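>>> coordinates only, sequence not included:
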């Protein structure tokens, strides 16, 4: 087993976070808000700093596990890309789908959120490829 690349862990989480900022901001922010809160955006239960901080901690955890998997397997570059896409598309997106099915959420909301985790994982994978 190889060593976990902790620089890639942190920068991978930063890349995922940056995708989220763009995804839920300029790209799909308005559509996402309309789907999530049809009656208007509610007041958050906590401060934006806490929300974004906890989001980044979750992305660090995802990146750490991804880095752990890569350290255990030492895959070639194309497999890192496949693993990043596969993790987003076949683990994270279906987990979102399960919740959304029981919450009666729209397909549009699912597409926005699932797209975010898939593209976010690809961005994270790109960091690992660059720093590998």
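Sure, I can see it. It should be emphasised that the depicted structure is a prediction, and the values quoted were computed from it without experimental measurement.

>>> Residue 53: helix or strand, and which one exactly?
Element membership of residue 53 [criterion: DSSP states H and E] is helix 48-73.

>>> and whatever helix or strand comes next after that helix, what does it pack onto?
As assigned by DSSP H and E, the chain's next helix or strand after helix 48-73 is helix 77-87. In terms of contacts (3 or more CB pairs under 8 Å, 6 or more residues apart in numbering; DSSP states H and E), helix 77-87 is packed against helix 48-73, helix 107-131. All C-beta atoms are positioned from the backbone trio N, CA, C, and that covers glycine.

>>> Quick one: list the elements packing against the longest one.
Same thing as helix 48-73. Against helix 48-73 (3+ CB pairs under 8 Å, 6+ apart) you get helix 6-22, helix 77-87, helix 107-131.

>>> what is the orientation angle of the helix holding residue 53 with helix 6-22?
Counting by axes from the mean of the first three to the mean of the last three CA atoms, to 10 degrees, helix 48-73 lies at 130 degrees to helix 6-22.

>>> and the helix or strand of the chain with the lowest mean pLDDT, what does it pack onto?
Ranking every helix and strand in the chain by mean pLDDT, DSSP states H and E puts helix 29-36 at the bottom, with a mean of 93. Applying 3+ CB pairs under 8 Å, 6+ apart, one finds that helix 29-36 contacts helix 107-131.
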